[in-house]
Each structure stands twice: as structure tokens, then as C-alpha cells.
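1. Model the structure of this input:
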Amino acid sequence: MDMEKIMAYVEKIAENLEGLVCAIGCDSMPSDGAIYVDGEQKVNYISTREALRILDGFGNNSASVMIGKSDYILIYDASRKLVIDGEAYLPSGYLVMKSCNGLQAIDDEDIADVIAALKSRMTMLALGKYRIQAYQLG
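-> Residues are numbered from 1 along each chain as shown. A predicted model of the protein is given here:
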């Protein structure tokens, strides 16, 4: 075998291994965790470990509210809350977990229920020429 054939063979093996590694772990969803709405208002399903890291980041500013009459709790950094005309809103930066005798992770079967519960409390805020969606607290 000449060197070009050997290099092509090795590169093909490397590509296949890289694909296998990603299939095993890179893009897999956690089996349980929390929903996190980030600063760009993207909804993410994150691991419990990542949720705990975010909760630690809230520090002493951590606040929470139950979502309607569900078992889901919205946890947020109170310093990010917007108060407009006496009403409180949260555009982003919050976690959703279960609250049953303490915080519990949600699994992938809960996601549709959580999204429906969140949508029922979402509102569009007009801030000058800008429009943003926010969760209405309270």
C-alpha cells in the first residue's frame, strides 16, 4: 500500500469513530433534568447537574413560583424580573422542575405538559418599538 491509501484509510476510520462518539454521547438528551429558558429565550432540556449549576448561579437572588395548578415550579433569579405597571414578568433565565416534596427532575414525558403550562402564562410585552415574550409571574 502506498502512503496516500494508508492516509485515506486512517482518515475514514477517524471520521467513523468521531460519528460513533457523537452518536453515543454528544447529542443525546439527558434521561431526566430540567427545562431552562436561556437569555436568548431558547428552550433547552438540560441535565440535573447543569440545572444545579444554574441554581447555584442564582445565589441569594433565587425565587420561585408554581406554574398554575401543576406540579411544576419555575425557579429564577429575582434580579431579572421586570415589573411593569405593577405586574411582574420574566422574559428569560429561568428553570422549570417538578415540585413534589422538594425539587425533582422532569423526564422527557413531562416536556409537553411543561411547555403547555408555560404557554398558558406567556404574554407579549411591548417595550417601545420592541416586542418580547415573557412569563407573567403571580
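
2. what about the strands in the chain?
-> 32-37, 43-47, 62-66, 72-77, 82-84, 87-90, 94-99, 103-104, 106-107, 122-127, 130-136 (DSSP state E).

3. Could you list the residues in contact with the longest one?
-> Taking Cβ atoms under 8 Å, 6 or more residues apart in numbering as the criterion, the residues outside strand 130-136 that touch it are 37, 41, 74, 82, 87-91, 94, 118, 121-125. Any C-beta I mention is one placed from the backbone N, CA and C, and that applies to glycine too.

4. What residues sit buried inside it?
-> Within strand 130-136, the residues scored as buried using 16 or more other Cβ atoms under 10 Å are 134-135.

5. Now do it against strand 62-66, angle only.
-> 70 degrees (axes from the mean of the first three to the mean of the last three Cα atoms, to 10 degrees).

6. ok, strand 130-136: who's next to it in the sheet?
-> Applying DSSP bridges, strand 130-136 is found paired with strand 87-90 (antiparallel), strand 122-127 (antiparallel).

7. Thanks again, I'm all set now.
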